[in-house]
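Trainee: I would like to see how this sequence folds:
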Amino acid sequence: MRTKARLDEVFRNAFPVPFDDTSKFVFFGDVHRGDDSLSDEFGRNRHIYYHALDHYYQSGCTYIEVGDGDELLEQPRFKHIYTAHVTTFDMLKKFFRDGRMILLYGNHNRQLRSQTYLEHNLYRSFDEFSESYEDLFPDINVHEALILKHRKTGQEIFVVHGHQGDFLNDQLWLFSFFSIRYFWRFMHILGVKYAASPSRNLYRRHKVERSYNRWNLQQDIMLICGHTHRPKFPKDDEPAYFNTGCCIHPRGITCLELIEGKISLVSWKTHSKKDGTLYIKRTVLQGPEPITRFQNSIARMSHIKTKKIKRFIMEESHDETEPIHSIDRIYDESRKF
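Mentor: Next up is the predicted model:
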């Protein structure tokens, strides 16, 4: 199934979420919580992530996880992930109890689309200290996509993981599942990365982004994704495609904030003082910009030649040698803060 047809299908069935200019959302994608083994890349950032969650909880934000929150391709059992990151899940439980948590599934935790899997793994958790079961996320529903719709203006924001239409990670998901679970999982421990992943493969990353940009311009809607692990905040001459980045980068985590009608790309990193004390700092990398600026991409790009707009929609080839906004460049630029 082509990317357009796949996204059209997901868009039609997306879960609706109304919002207004008083709403506060934070979007995290590709957290990849693991079992705290050598292959658990989230482990090095878990304290940063916890601190960021606490900040957003205290700020009254709704937490939206844009897929791949748990690494269920490499790890066969969710309970091992929960045990490795109990304090993280305790913080997520606070969001859930307040009705401020929405989860999407991605290609690395596609199992969450099964209600039976949710009942057996996410509804309850086993407390090793009390040796009893307690509620985790009782009766939770996990969605494939969301449509955030503004109550007054009607502006829509489509939120989806971003693997939909990515042939190897969508149509051939079962093949990817077995290859990662029984081969690449062990290679990962040795330091070898999964070569077919868009987050590791520059060509595949750009291919996914081009496909989503074409669909985005055809629909003329704001689009928030994950999957590629590359944080993205569009320029004036680009479609309204945003990417959360990920939580497994060696130098910190990134997310998107939608606070009272304005959207920002934000990083959280560990810094050090002159006396050697470490502290965690939030840095706004891009934005905040009012979402009304992205309401009509065609009009916003009207000062650009029609030929360039058509290129976004129709192009099938692109220079793959240089990423426009690589994650390393964004992090390097943020050092001055």
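Trainee: Look at residue 13 and say how many residues are nearby.
Mentor: 11 (other CB atoms under 10 Å). C-betas here are computed from N, CA, C, even on glycine.
Trainee: Residue 120 - how many residues pack around it?
Mentor: By the criterion of other CB under 10 Å, residue 120 has 12 neighbours.
Trainee: Where does it sit: helix, strand or coil?
Mentor: Here residue 120 is recorded as helix under DSSP: H, G, I helix; E, B strand; the rest coil.
Trainee: before we move on, which element is residue 159 in?
Mentor: strand 156-160 (DSSP states H and E).
Trainee: Check residue 218 too.
Mentor: Counting by DSSP H and E, residue 218 is found in helix 202-219.
Trainee: For that helix, name the packing helices and strands.
Mentor: Contact analysis of helix 202-219 by 3 or more CB pairs under 8 Å, 6 or more residues apart in numbering; DSSP states H and E lists helix 3-12, strand 222-225, strand 241-243, helix 297-300, helix 306-314 as its packing neighbours.
Trainee: can you pull out the strands in the stretch 151-300 of the chain?
Mentor: Along the stretch 151-300 of the chain, counting by DSSP state E, counting those that start in this stretch, strands occupy 156-160, 222-225, 241-243, 253-259, 262-272, 278-290.
Trainee: want to throw the ones you listed into CSV with distance to residue 124?
Mentor: Listed next are the strands of the stretch 151-300 of the chain as CSV, based on distance: least, CB to CB, whole Å:
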stretch, distance to residue 124
strand 156-160, 27
strand 222-225, 31
strand 241-243, 33
strand 253-259, 28
strand 262-272, 30
strand 278-290, 31
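Trainee: So residue 102 is in contact with residue 143, correct?
Mentor: Yes. Contact criterion CB atoms under 8 Å: residue 102 and residue 143 qualify, at 7.2 Å.
Trainee: Neighbour count: these two, which is higher?
Mentor: Using other CB under 10 Å as the criterion, residue 102 and residue 143 rank with residue 102 on top: 23 against 20.
Trainee: so the more buried one, which of the three states?
Mentor: Classification of residue 102 using three-state DSSP returns strand.
Trainee: what is it paired to in the beta sheet?
Mentor: residue 64 (DSSP bridges).
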